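Participant: below are the sequence and a predicted model; questions follow.
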Amino acid sequence: MASNRDHSEHVYRVTHQPSAAASSPVAASWRRCMTVHGLAPEEARLPWRLSESELRQARERSGALIAEATGELDRLFAMVGKAGYCLLLTDENGVALERRGAGGDDADFRGVGLWSGTVWSEASVGTNGIGTAIVDERPVVIHRDQHFLSSNIGLSCTTAPIRGETGRLAAAIDISTCREDASEAVLSILSQAVRDAAARIEANLFRRAFAGARIVLVPVDRAGPALLAVDRDDLVLGATRAARQWLGLDDKRIAAGIPASDLLQEDLPREGGALPDAERAALRRVLSRTNGNVSMAADLLGISRATLYRKMKRLSLN
């Protein structure tokens with residue numbers, strides 16, 4: 001591993017090459033740290049830390065996120081915690097809301113700021129997994145000397161962003177370690193685990209936001225859960241980012257009202273047949289709920305048994 005001085009000199013050389021930022025996300029982040037945030041790689045600085053009251057307020061604002069992420073954090077920690085890794089769940093500003101770590105590693109993690117209440121934005125501590133994933137809005141691996149600050153080149157981290165129910169960035173989940181033997185191959189495997197956890201948390205948040213709606217899985221091969229929330233009239237109420245990208249949806253189209261069947265290009269009823277088809281579907285649902293009992297179905301519909309039989313005959317329902 002390069003010395004702190006060698007690393008600082010390398011960062012300066014790279015950031016003064018205009019072409020480097022265009023070809024490398026890490027170099028682009030280093031350049032942001034210097035030109036936008038006014039940081040210097042040789043600075044010995046820890047991440048900003050919130051006061052207890054500020055952290056409490058941040059956790060209250062992210063109550064739904066914490067509730068839906070707790071299971072995933074516990075599952076991931078059970079997998080990597082004994083191997084010298086810690087987990088952080090942050091909000092969209094990089095504030096560490098939740099942390100998982102083994103007691104024997106606490107001193108090391110606290111010493112570098114991997115602790116609840118710290119702020120892992122690029123503005124706070126330069127290029128790092130959390131801050132860079134938030135800025136770039138994509139999963140990242142920042143391995144040792146890819147960090148901006150020389151004081152952080154002993155860290156390795158892999159992070160994935162988490163999006164809220166409107167598709168906008170809402171949080172990040174991170175696995176970090178101070179171990180010298182953390183290899184890029186291991187981090188690559190952990191990166192997939194982090195991305196999978198982020199996708200499950202995103203799906204949990206979406207289902208929570210649209211608890212009364214029908215959730216439809218959009219069959220696409222795309223990163224992140226592709227889900228639609230649909231009301232009883234088949235109108236789309238919400239969509240995850242992956243579904244929005246695949247189907248060309250935005251807030252305006254969703255607010256205007258669009259049938260899920262149109263978006264998914266399902267078989268549409270023949271011309272002039274929409275109402276009969278809708279009526280047939282409604283009768284089939286009621287008959288299914290009553291296990292085919294016509295009298296009970298008629299009572300549920302508030303019509304006579306004879307009227308229901310006439311409707312069933314007209315709609316070819318046996």
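Facilitator: Perfect, thanks for sending it. Numbering: from 1, shown residues only.
Participant: the longest helix in the protein is where?
Facilitator: Assignment by DSSP state H gives helix 184-209 as the longest helix of the chain.
Participant: other SSEs contacting the helix or strand following it?
Facilitator: For helix 184-209, the following helix or strand on the C-terminal side (DSSP states H and E) is strand 214-217. Counting contacts by 3 or more CB pairs under 8 Å, 6 or more residues apart in numbering; DSSP states H and E, strand 214-217 is packed against strand 227-230. Yep, even glycine has a C-beta here, placed from its N, CA and C like the rest.
Participant: which elements pack onto the helix or strand just after the strand it packs on?
Facilitator: Counting by DSSP H and E, the element after strand 227-230 in chain order, helix or strand, is strand 236-239. Packing partners of strand 236-239 (3+ CB pairs under 8 Å, 6+ apart): strand 227-230, helix 251-256.
Participant: if we look at strand 236-239, which residues are touching it?
Facilitator: 165-167, 206, 209-210, 213, 227-231, 247, 249, 254, 257-260, 263 (CB atoms under 8 Å, 6 or more residues apart in numbering).
Participant: mark which of those residues are buried, thanks.
Facilitator: 165-167, 206, 210, 213, 227-230, 247, 249, 254, 260, 263 (16 or more other CB atoms under 10 Å).
Participant: could you list the low-pLDDT ranges of the stretch 101-250 of the chain?
Facilitator: By pLDDT under 70, the low-scoring segments of the stretch 101-250 of the chain are 222.
Participant: please name the nearest non-neighbouring residue to residue 52.
Facilitator: Excluding its sequence neighbours, the residue lying closest to residue 52 (CB to CB, 6 or more residues apart in numbering) is residue 117, at 7.6 Å.
Participant: and the one you found, its phi and psi?
Facilitator: phi 90, psi -10 (degrees, to the nearest 10).
Participant: state the distance from it to residue 99.
Facilitator: 9 Å (CB to CB, to the nearest Å).
Participant: one more: residue 256?
Facilitator: 42 Å.
Participant: so which of the two has more stuff around it?
Facilitator: More crowded of residue 256 and residue 99, by other CB atoms under 10 Å: residue 99, with 21 against 9.
Participant: give the helix, strand or coil label for that one.
Facilitator: In three-state terms, and counting by DSSP: H, G, I helix; E, B strand; the rest coil, residue 99 is strand.
Participant: what's it in contact with, if anything?
Facilitator: Contacts of residue 99 by CB under 8 Å, 6+ apart are 86-89, 114-116.
Participant: buried sites along stretch 34-53?
Facilitator: 34, 39, 41, 46-50.
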